[in-house]
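# Sequence and predicted structure below; questions after.
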Amino acid sequence: MVWMILLSPLVGAILNGLFLRKVHKNTSHFIGSALVGLSFVGAIVVFKEMLQSPNGQLIYTAYNWLNVGSLNVEFEVIIDRLSGLMLLIVTGIGTLIHVYAGGYMHEEKTTWRFFSYLNLFIFMMLILVCANNFLVMFIGWEGVGLCSYLLIGYWYENSENAKAGMKAFIVNRIGDIGFLIGIFLVYQHFKTLSFSELSTLISSTKEFDNNIMFAIGLITLCLFIGACGKSAQIPLYIWLPDAMAGPTPVSALIHAATMVTAGIYMMARLNFLYFLSPTTMTIVAIIGCLTAFVAATIALVQNDIKKVLAYSTVSQLGYMVMACGVGGFSASVFHLLTHACFKALLFLGAGSVIVAMHHKQDMMEMGGLKKYMPITHGVFFIAVLAIIGIPGFSGFFSKDEILWKAFTYPVYGPYLWLVGTLTAGCTAFYMVRLLCLTFYGKNRSDPHTKEHLK
């Protein structure tokens, strides 16, 4: 079942990429969506099985991948509460976005190429979250970077879109240098790349000498540089707003629910290392806090509907990173889950608006769309209530826990809480501004668009 979960999207990518070029575009859509849906069903079954296992985890080994000298790396996957939750997020939200993409991309002539990329991305993300060692994770880590380049630059005939794809690729490679150095240092000092073995080794050692403690600080800092690239933290956040050049389903999948959370997932997976380095934790908390606030202030003045959501994503990722920095790894993963749901919904709602507006994205040319798009308005309104943290909605519970963890953190805790609270206020302002400019008031569209809306 585990291998079926992993390989189903890969089969979809191969079928769409190599064999379905000449068939009807609906076939590409059906194959791509069905195989990701199959992974989702498998993920539910495996998650239930994992919960019933004696030690709360399942480890599967495919084969012995590398055996060179003292280096022995097995292609091994782990299903526990963390990776199991990520499996459900990636395949569940991924299935819904695949279904949505069929309608959004119906005018495209090369949907086989789009769904091939989308399926390949899901496969790489599943490899990343299920890996039980650094090298297997690195396959997925680089794979999602490649797929983001392909999907952001999908409309490569437009030079700006092609540049946005290259920018994402290059900025992520900068972060990956830090990630690779961190992997090298882990093997140099601990002689293993397995997460399970590393965790056992750390927990069974009562006291480390100064050299090892310094090495752990350096390792966690290098790995965090990789997380800054993937999860768009200062100064490597600059690629994500430009990534909105890709089709809106791409924005919903990659830049809301999956790829951008890879860095958060990696730090949560290695929390036992980060707890041993208070200095790195403080740096992580400060960087996350600054990213959350700066991105929120930029979102206040954006007029492009997707750019507002893009900077909002950077801001919410900053919240998650800050939570990791103050030791609230569970709170960070909780916000990862809630954000994946409401931000995917916001992007899909924005995509519906963009199609209705003849692919115009300037909110100053919208207004009054509630009258023409009541269903889109309804679901968008619910997602806005969630992201701004209205009590009773998911965002309230996850944000509240992060702010509480920040406030009780012994280093700069009240300051982190204050900036986090101001960020939450900015989030409420720019999301209500987006809602009002898009759905309320007088319609500001040109006559041709107004006729199309009617």
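Arrived safely.
# quick one, what contacts the residue nearest to residue 323 when sequence neighbours are not counted?
Sequence neighbours aside, residue 332 is the residue nearest to residue 323 in space, at 3.7 Å (criterion: CB to CB, 6 or more residues apart in numbering). C-beta: built from backbone N, CA, C; applies to glycine. By CB atoms under 8 Å, 6 or more residues apart in numbering, residue 332 lies in contact with 264, 267-268, 320-321, 323-324, 402.
# so who does residue 198 touch?
186, 190, 192, 270, 272-273.
# Buried among those residues? Make that a PyMOL selection.
Those of these that count as buried under 16 or more other CB atoms under 10 Å are selected in PyMOL with:
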select buried, resi 186+190+192+270+273
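# got the contacts of residue 198 as CSV, with secondary structure and pLDDT columns?
Below are those laid out as CSV (DSSP: H, G, I helix; E, B strand; the rest coil; pLDDT from 0 to 100):
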residue, secondary structure, pLDDT
186, helix, 90
190, helix, 87
192, coil, 87
270, coil, 91
272, helix, 89
273, helix, 90
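# hey, where'd the strands end up in the stretch 51-200 of the chain?
Ranges of strands in the stretch 51-200 of the chain, per DSSP state E, counting those that start in this stretch, are 58-68, 71-79.
# closest to residue 353 out of those strands?
strand 71-79 (38.2 Å; CB to CB).
# Buried residues, that closest one. List them.
By neighbour count, with 16+ other CB under 10 Å as the criterion, the buried positions of strand 71-79 are 73-79.
# which one of the residues you listed is nearest residue 416?
Using CB to CB, residue 78 comes nearest to residue 416 of these, at 31.8 Å.
# Excluding chain neighbours, what is closest to that closest one?
Nearest non-adjacent residue to residue 78 (CB to CB, 6+ apart): residue 132, at 4.0 Å.
# contacting residues for the one you found?
Residue 132 touches 59, 76-78, 194-196, counting by CB under 8 Å, 6+ apart.
# Could you check how far the residue nearest to residue 357 when sequence neighbours are not counted is from residue 359?
Distance criterion CB to CB, 6+ apart; nearest residue to residue 357, sequence neighbours excluded, is residue 449 at 5.9 Å. From residue 449 across to residue 359, the span is 10 Å (CB to CB, to the nearest Å).
# ok, these two, which is more surrounded?
Between residue 449 and residue 359, counting by other CB atoms under 10 Å, residue 449 is the more crowded of the two (17 against 8).
# element containing that one, please.
Under the criterion of DSSP states H and E, residue 449 resides in helix 447-453.
# pLDDT score assigned to residue 454?
For residue 454, the model assigns a pLDDT of 66.
# Oops, could you answer that again for residue 391 instead?
Residue 391 carries a pLDDT value of 91.
# my read is residue 369 is in a helix, agree?
No. Residue 369 is assigned coil when assessed by DSSP: H, G, I helix; E, B strand; the rest coil, not a helix.
# What values do phi and psi take at it?
Backbone torsions of residue 369, given as degrees, to the nearest 10, read phi -80, psi -10.
# From residue 356, how far off is it?
For residue 369, the distance to residue 356 - CB to CB - is 7 Å.
# one step back: reformat the strands of the stretch 51-200 of the chain as CSV; add distance to residue 234.
Formatted as CSV, these follow (distance: least, CB to CB, whole Å):
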stretch, distance to residue 234
strand 58-68, 35
strand 71-79, 31
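# Same list, those, but as a markdown table with mean pLDDT and distance to residue 213 please.
Shown next, in a markdown table, are the strands of the stretch 51-200 of the chain (pLDDT from 0 to 100; distance: least, CB to CB, whole Å):
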| stretch | mean pLDDT | distance to residue 213 |
| --- | --- | --- |
| strand 58-68 | 85 | 29 |
| strand 71-79 | 87 | 24 |
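# Mind telling me what element residue 347 is part of?
Here residue 347 is assigned to helix 329-356, by DSSP H and E.
# quick one: buried residues of that helix?
329, 331-354, 356.
# so how far is it off the chain centroid?
10 Å (CA atoms, centre = their mean, to the nearest Å).
# And the next helix or strand past it?
Helix 329-356 is succeeded, C-terminally, by helix 374-387 (DSSP H and E).
# Dump that next one to CSV, restricted to CA.
Extracted in CSV, the C-alpha atoms of helix 374-387 (Å, rounded to 0.1, in the frame of the first residue of the first chain):
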residue,chain,number,x,y,z
PRO,A,374,-22.3,34.0,-5.0
ILE,A,375,-20.8,30.5,-4.5
THR,A,376,-17.2,31.7,-5.0
HIS,A,377,-17.9,34.6,-2.7
GLY,A,378,-19.3,32.2,0.0
VAL,A,379,-16.3,29.9,0.1
PHE,A,380,-13.9,32.8,-0.2
PHE,A,381,-15.6,34.5,2.7
ILE,A,382,-15.2,31.3,4.9
ALA,A,383,-11.5,31.1,4.0
VAL,A,384,-10.9,34.7,4.9
LEU,A,385,-12.5,34.2,8.3
ALA,A,386,-10.2,31.2,8.8
ILE,A,387,-6.9,33.0,7.8
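# Residue 13 and residue 119 touch, don't they?
Yes. Counting by CB atoms under 8 Å, residue 13 touches residue 119, with 3.9 Å between them.
# which of the two has more neighbours?
residue 119 (30 against 24).
# got the contact list for that one?
Counting by CB under 8 Å, 6+ apart, residue 119 touches 9-10, 12-13, 16, 32, 35-36.
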